[in-house]
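Asks: I'll drop the sequence and a predicted model, then ask my questions.
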Amino acid sequence: MTLSTFGTSRAEAVGAPAILELVDVGKTYRTGALTVEALRGVTLSVGDGDYVAIMGPSGSGKSTLMHILSCLDVPTTGRYSLAGEDVSGLAERQLAEIRNRRIGFVFQQFNLLASMSAWRNVELPLVYAGVSRPERRARALEALGRVGLAERVDHRPGELSGGQQQRVSIARALVTDPTLILADEPTGNLDSVSTAEVLALFRDLHEQGRTVVLITHEAEVAAEADRTIRVLDGRVVGDDARAGGRTP
Amino acid sequence: MTWLETVRTAFDAIRSRRMRSALTMLGILIGIAAVMLTVGLGQGAQAQVASQINALGSNLLIVTPGSATAVGGIRGGRGSATTLTASDAAVLADARVAPDIAAVAPVSTSSQSVVANGQNWTTSIVGTTPQWPVVRARSTPTGRFFTAAELSAGAPVAVIGSTTAEQLFGLRSPVGQTVSIGGAQLTVIGELNPAGSTVGGDQDDQVVVPATTFAADLSAGTPSISSIYLEAVNQQDLSAAYQEATNAMLTAHGVTTATADFQVGSQAALVQTATSTARTLTVLLAGIAAISLLVGGIGVMNIMLVSVTERIREIGLRKALGATPRVILRQFLTEASLLGLAGGMLGVGLGVIGALTLPQVLEQPVTLSATAALGALAVSLVIGIAAGVYPAGRAARLAPIDALRSE
Ligand SMILES: Nc1ncnc2c1ncn2[C@@H]1O[C@H](COP(=O)(O)OP(=O)(O)OP(=O)(O)O)[C@@H](O)[C@H]1O
Ligand SMILES: [Mg+2]
């Protein structure tokens, strides 16, 4: 990759062992004759238990990066290791298992199934993990309790506010007890009160020792994280870690 | 993910799209019910024809004039209706010549008008021997059949069918009444049991008289014997009886197989000829019904394709949360099979209801068989699976991120 000098390698700057490690990752989309280089040689590493925010202008490649981190997509070039395991060459079936066991997602669009109640949405990852029905229900209710929705377990997404829906999807992300929480603009559709609630939940998860990576446009949201990675035109252009967590 | 879980998920998906699922099942339902009813109607008709022919008498053989092979030309000029004689019947009745033949009834027929009680009714007159009820499996619940003595005496007696009796005498008993046929006065001594068969003419509309009486007064210019009915001793000896009858007739007429002026037919052959028509019709109707079933199957496929397209985001989400391609494939296949099977079960239910009510409306028997019902269910399941394979395969192959991102 000719432009790899723009990639900033800061793996050694963070003390904890790396849980996510990207080496010179590129992603090129081909749509007919058109090709878009969404990522151009990204090298970065995230330590176990880190709280990282990714920022950058629209179209800079943040979502693309997140999809690769979450094993929803595979890089065109470069190498990606998750918890020390190179996942670049894995089959879809194995990737599905990694997503199920290790990763909890929170989407900007919530992505809840409209025909199912809150608890049925939350139990979904457990269905694919092969957990028994009674245990699934117990764990789903517990997760909903943790996000403050114990009263709303039987409501369908359409009967909940945006903030509540996002909390349901956070409950779904943490129900499998994953070590890694990945969120693509989780507060993008929320007002300031709901944003604060959601951020408090992420802080909780981080304090429990989970690795949290979130994408955001808002400086206040990024300020919550211990480290901010800046992306521009498919490259990492800035990476600052604040040892003390929240900026004073 | 267990099978139970897969079925549950599929069931939820079907239930959350009630209207569409119901319409899909309707296609299969109508197809299955149509196939069941047409096949049932056809089989019912076949069974009816077969039972009508069997009602003519069991272990029956029929000797008729004419050659089995109508080619040859040499014998063709002669009127084939006159080749059977009373002595042929006597030879066939001889236990030394044909030990496997139990009873012989030569039959002459004419069509004449019968007058009685001021009523005039044209019917067929049958001249025969006292063996006739045995060979034709008939009885005279009212009155009696004529005897050998009456036969040799040429007695003016007659036994009449139930339809004939009703036409001439209404509800009154015909026994003891007098009928006039072509100037001859005959006393009715018995009424035949209803046969309910119309094979070879209405078996309940005829007047049976002694052959001698027939020859003397009623032949209307056709004294010859039109056919000789034979009854084999039992079912197993039917082919032996057939052989004996053929040989005896060849000897009696001094002909070879190639120049034979008669033919021996069996009831089985008759059944086969008669039912083959019904069978052809059944196959035709079932073919049409099968096409409607196929259309129903395409309906399921269409719904599944729409369902996959419409649920791309859901598929993407399920994959993102850990569903493997195989699990997605299974889910959609299960959904399609459930739709097919449910439609099939409802179709079988409708078929059964139809089979129970149709005979009352159409006065046609409908045969219901468990095999047909199970077959229909199997077919609907196969249709469901076949219709689901392509859409399910498409759903399974979707890349999770493309699926999630689509609108
Ligand atoms: N499936 C795709 N096919 C073709 N090009 C794509 C595809 N997905 C993304 N891109 C392109 O890749 C680039 C990066 O897109 P990406 O979604 O990662 O941006 P983003 O930083 O998340 O933007 P936003 O802040 O608006 O969400 C964009 O130029 C986009 O047009
Ligand atoms: Mg984005």
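Replies: Ah, there it is. Ligands and ions are numbered 1, 2, ... in the order given.

Asks: what's the longest helix in chain A?
Replies: helix A:192-207 (DSSP state H).

Asks: any buried residues in it, and which?
Replies: By 16 or more other CB atoms under 10 Å in any protein chain shown, the buried positions in helix A:192-207 come out as A:Ser194, A:Thr195, A:Glu197, A:Val198, A:Leu199, A:Leu201, A:Phe202, A:Arg203, A:Leu205, A:His206. Placement of C-beta: from N, CA and C, glycine included.

Asks: identify the residues contacting the fifth one.
Replies: Going back to what we said before, that points to A:Leu199. A:Thr187, A:Val221, A:Glu224 (CB atoms under 8 Å, 6 or more residues apart in numbering or on different chains).

Asks: which of these tops the neighbour count?
Replies: Using other CB atoms under 10 Å in any protein chain shown as the neighbour test, the contacts of A:Leu199 are led by A:Thr187, with 26 neighbours.

Asks: now do the SS call for that residue.
Replies: Assigned by DSSP: H, G, I helix; E, B strand; the rest coil, the conformation of A:Thr187 is coil.

Asks: could you do A:Asp177 as well?
Replies: Counting by three-state DSSP, the backbone at A:Asp177 sits in coil.

Asks: how many residues are close by it?
Replies: Around A:Asp177 there are 11 residues (other CB under 10 Å).

Asks: can you read off the pLDDT for it?
Replies: For A:Asp177, the model assigns a pLDDT of 90.

Asks: sorry, back to before: and the very next helix or strand once past the longest helix of chain A with helix A:192-207, angle?
Replies: Next in sequence after helix A:192-207, counting helices and strands by DSSP states H and E, comes strand A:211-215. For strand A:211-215 against helix A:192-207, the angle by axes from the mean of the first three to the mean of the last three CA atoms, to 10 degrees is 150 degrees.

Asks: helices and strands around strand A:211-215, which ones?
Replies: Secondary-structure packing of strand A:211-215 (3 or more CB pairs under 8 Å, 6 or more residues apart in numbering or on different chains; DSSP states H and E): strand A:18-31, strand A:34-47, strand A:51-55, helix A:62-69, strand A:180-184, helix A:192-207.

Asks: centroid-wise, who is the farthest residue in chain A?
Replies: Centroid-distance maximum for chain A: A:Ala33 at 31.5 Å, with CA atoms, centre = their mean.

Asks: quick check: longest helix of chain B.
Replies: Max-length helix for chain B by DSSP H is helix B:267-310.

Asks: tell me the centre residue of the chain?
Replies: Just so you know, I chose chain A. Most central in chain A (CA atoms, centre = their mean) works out to A:Leu182, at 1.1 Å.

Asks: let me rephrase: I mean chain B.
Replies: B:Gln46 (0.9 Å).

Asks: you'd agree that residue is up against B:Thr275?
Replies: Yes: judged on CB atoms under 8 Å, B:Gln46 makes contact with B:Thr275 at a distance of 4.5 Å.

Asks: what residue ranges in the chain score low on pLDDT?
Replies: The chain I'm using is chain A. For chain A, the stretches with pLDDT under 70 are A:1-16, A:242-248.

Asks: the chain in question should be chain B.
Replies: Scanning chain B residue by residue, the ranges that satisfy pLDDT under 70 are B:1, B:55-58, B:67-82, B:197-200, B:218-223, B:271, B:407.

Asks: quick check: residues of it near chain A?
Replies: Selection of chain B residues close to chain A by CB under 8 Å from any CB of the partner chain yields B:1-2, B:5, B:9, B:12, B:16, B:313-314, B:317-327, B:399-401, B:404.

Asks: what's around the spatially closest residue to B:Ala89 that is not a sequence neighbour, how many residues?
Replies: Excluding its sequence neighbours, the residue lying closest to B:Ala89 (CB to CB, 6 or more residues apart in numbering or on different chains) is B:Pro106, at 3.9 Å. Using other CB under 10 Å, B:Pro106 has 27 other residues around it.

Asks: show me which strand runs longest in chain B.
Replies: If you go by DSSP state E, chain B has its longest strand at strand B:101-116.

Asks: quickly run through the sheet partners of that one, with directions.
Replies: Applying DSSP bridges, strand B:101-116 is found paired with strand B:119-128 (antiparallel), strand B:178-181 (antiparallel), strand B:227-232 (antiparallel).

Asks: please enumerate residues in contact with the shortest one?
Replies: By that I understand strand B:178-181. By CB under 8 Å, 6+ apart, strand B:178-181 touches B:112-116, B:125, B:158, B:160, B:168, B:185-188, B:207, B:217-218.

Asks: list the buried ones in it?
Replies: By neighbour count on 16+ other CB under 10 Å, the buried set for strand B:178-181 is B:Val179, B:Ile181.

Asks: gap between that strand and the chain center?
Replies: 37 Å (CA atoms, centre = their mean, to the nearest Å).

Asks: circling back: so can I have TSV of the helices and strands packed on strand A:211-215 showing distance to B:Gln52?
Replies: Below are the helices and strands packed on strand A:211-215 laid out as TSV (distance: least, CB to CB, whole Å):
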stretch	distance to B:Gln52
strand A:18-31	73
strand A:34-47	78
strand A:51-55	87
helix A:62-69	76
strand A:180-184	78
helix A:192-207	82
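
Asks: could you dump these to a markdown table with distance to ligand 1?
Replies: Formatted as a markdown table, the helices and strands packed on strand A:211-215 follow (distance: least, CB to the nearest ligand atom, whole Å):
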| stretch | distance to ligand 1 |
| --- | --- |
| strand A:18-31 | 3 |
| strand A:34-47 | 3 |
| strand A:51-55 | 9 |
| helix A:62-69 | 3 |
| strand A:180-184 | 7 |
| helix A:192-207 | 17 |
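
Asks: closest one to B:Gln267 among the ones you listed?
Replies: Proximity to B:Gln267 (CB to CB) singles out strand A:18-31 among the helices and strands packed on strand A:211-215, at 77.0 Å.

Asks: tell me who's in contact with the closest residue to ligand 1 within chain B.
Replies: With CB to the nearest ligand atom, the shortest gap between chain B and ligand 1 falls at B:Arg405, namely 6.5 Å. Contact analysis of B:Arg405 by CB under 8 Å, 6+ apart lists B:Gly316.

Asks: buried ones in stretch B:266-280?
Replies: Buried residues in stretch B:266-280, defined by neighbour count with 16+ other CB under 10 Å: B:Ser266, B:Gln267, B:Leu270, B:Val271, B:Ala274, B:Thr275, B:Ala278, B:Arg279.

Asks: the longest helix of chain A vs strand A:180-184, what angle?
Replies: Using the same axes, to 10 degrees: helix A:192-207 against strand A:180-184 is 160 degrees.

Asks: what's the angle between helix A:192-207 and strand A:51-55?
Replies: 130 degrees.

Asks: just the CA trace of helix A:192-207, in CSV.
Replies: Extracted in CSV, the C-alpha atoms of helix A:192-207 (Å, rounded to 0.1, in the frame of the first residue of the first chain):
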residue,chain,number,x,y,z
SER,A,192,-29.7,14.9,24.5
VAL,A,193,-31.5,13.2,27.3
SER,A,194,-31.6,9.8,25.6
THR,A,195,-28.0,10.3,24.5
ALA,A,196,-26.9,10.9,28.1
GLU,A,197,-28.8,7.6,29.2
VAL,A,198,-27.2,5.6,26.4
LEU,A,199,-23.7,7.1,27.1
ALA,A,200,-24.1,6.2,30.8
LEU,A,201,-24.8,2.6,29.8
PHE,A,202,-21.7,2.5,27.6
ARG,A,203,-19.7,3.9,30.5
ASP,A,204,-21.1,1.1,32.7
LEU,A,205,-20.1,-1.5,30.2
HIS,A,206,-16.6,-0.1,29.9
GLU,A,207,-16.3,0.0,33.7
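
Asks: what distance separates that helix from the centre of its chain?
Replies: 14 Å.

Asks: all set, thanks.
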